[in-house]
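what's the 3D shape of this:
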Amino acid sequence: MVSQEQRRRQLAREKFLRQQQRRTDARRRSRTRNAVIASALGVVLIGSLALYTTGVLKDDGKTNAGAEVTESASPSKAPDPCDKPAAGKATTETWKKEPAMTIDKSADYTMSLATTCGDIDVALKASAAPHTVNSFNFLAGKGYFDHTKCHRLTTNGIYVLQCGDPTASGSGGPGYQFEDENLKDKSLKGNVYPAGTVAMANSGPNTNGSQFFLVYQDSQLPPSYTPFGTVSESGMAVLKKIADAGESTGAGDGAPNATVVVNKATVAKS
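Numbers count the residues shown, from 1 in each chain. Down below sits the predicted model:
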């Protein structure tokens, strides 16, 4: 006998997978359209790489629907528990290819996110996900994550905060992609990403860029998202504060009510 809670979780997972399929279909249509335009005009669409960047936990089809939900649901907004962002703007720089490997795969690395809501420290899995950690080391060193907004919070069935997009739209990225890693991590049992996991967002296999999500409560997801770090205990307290403030649509999937901005991101070798 399936309980109501199990059914709710099942429906949430099915909704998530449908969203991912819509996103993949939308990207495919965009690529086809751009190819036709490029052929007709005889030009190279320099900006087309943006269409291939990450943002898996972002439902592109909700651009208008989100506004409708906001109007109809009119959820009561909790007070913003976070500070004002530091002065500065997110970078628009992109790169054509994945950075060369510079990290020591046998060493320990920590990523520190100094956010408006508090510091979130992440122990990185360099040996299990070297390309992912190397990319974050590169991007953090370039100031890529500085002044970026964490643009998505899910509070129903899947419990994550998504960050790493300088455009805060769910479609931004560094211009390059790299392969999935560590999908058989021993922490992923029963298709559950446990609380504290930090994993890559993507738009399909091997489409990792810069977007990532932090799991603040056990979330059932297929093992398709590279787990590359674990949030510290104090960082989990920050995530809880953000989650408790809720999201903007009242439907369980939208922008955080808390003003979550990464003022500064650093990756350091321990």
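
Quick check on the spatially most central residue of the chain: phi, psi?
Geometric centre of the chain, nearest residue: residue 212, 3.1 Å, by Cα atoms, centre = their mean. Dihedral pair for residue 212: phi -150, psi 160, per degrees, to the nearest 10.

so it touches residue 200, yeah?
Yes - taking contacts as Cβ atoms under 8 Å, residue 212 lies within contact range of residue 200: 5.4 Å. (Glycine included, C-beta is placed from N, CA and C.)

any chance you could map the strands in the chain?
Secondary structure of the chain (DSSP state E): strands at 109-115, 118-124, 148-149, 152-154, 160-163, 192-193, 197-200, 212-215, 219-220, 227-231, 253-254, 261-269.

Save those strands as a markdown table, and put in mean pLDDT and distance to residue 175 too.
What follows is these, written out as a markdown table (pLDDT from 0 to 100; distance: least, Cβ to Cβ, whole Å):
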| stretch | mean pLDDT | distance to residue 175 |
| --- | --- | --- |
| strand 109-115 | 98 | 21 |
| strand 118-124 | 98 | 22 |
| strand 148-149 | 98 | 15 |
| strand 152-154 | 98 | 21 |
| strand 160-163 | 98 | 18 |
| strand 192-193 | 98 | 27 |
| strand 197-200 | 98 | 16 |
| strand 212-215 | 98 | 16 |
| strand 219-220 | 97 | 29 |
| strand 227-231 | 98 | 20 |
| strand 253-254 | 97 | 27 |
| strand 261-269 | 98 | 18 |
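
among those, which is nearest residue 177?
With distances scored as Cβ to Cβ, the stretch of the strands of the chain nearest to residue 177 is strand 197-200 (10.4 Å).

Report the beta-bridge partners for the residue nearest to the centre of the chain.
Note on residue 212: beta-bridge partners by DSSP bridges are residue 163, residue 200.

Just checking the distance from stretch 168-176 to the centre of its chain.
10 Å (Cα atoms, centre = their mean, to the nearest Å).

Pull it out as CSV, backbone CA atoms only.
Taking C-alpha atoms only, stretch 168-176 is exported to CSV below (Å, rounded to 0.1, in the frame of the first residue of the first chain):
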residue,chain,number,x,y,z
ALA,A,168,20.7,34.2,-12.2
SER,A,169,18.4,32.9,-15.0
GLY,A,170,19.2,29.2,-14.9
SER,A,171,20.9,29.2,-18.3
GLY,A,172,24.2,30.9,-17.6
GLY,A,173,27.6,29.1,-17.7
PRO,A,174,31.3,29.5,-18.3
GLY,A,175,31.2,28.7,-22.0
TYR,A,176,32.7,25.2,-21.6
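
What mean pLDDT does that stretch get?
Mean pLDDT, computed over stretch 168-176, is 96.

Can you mark which positions in that stretch are buried?
168, 170, 171, 172, 173, 174, 175, 176 (16 or more other Cβ atoms under 10 Å).

do stretch 136-144 as well
136, 137, 138, 139, 140, 144.

buried set for stretch 179-190?
Residues of stretch 179-190 classed as buried under the neighbour-count rule (16+ other Cβ under 10 Å) are 180, 181, 182, 185, 188.

With distance to residue 162 and pLDDT added, can I get these in TSV?
Formatted as TSV, these follow (distance: Cβ to Cβ, whole Å; pLDDT from 0 to 100):
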residue	distance to residue 162	pLDDT
180	17	98
181	19	98
182	19	98
185	19	98
188	18	97
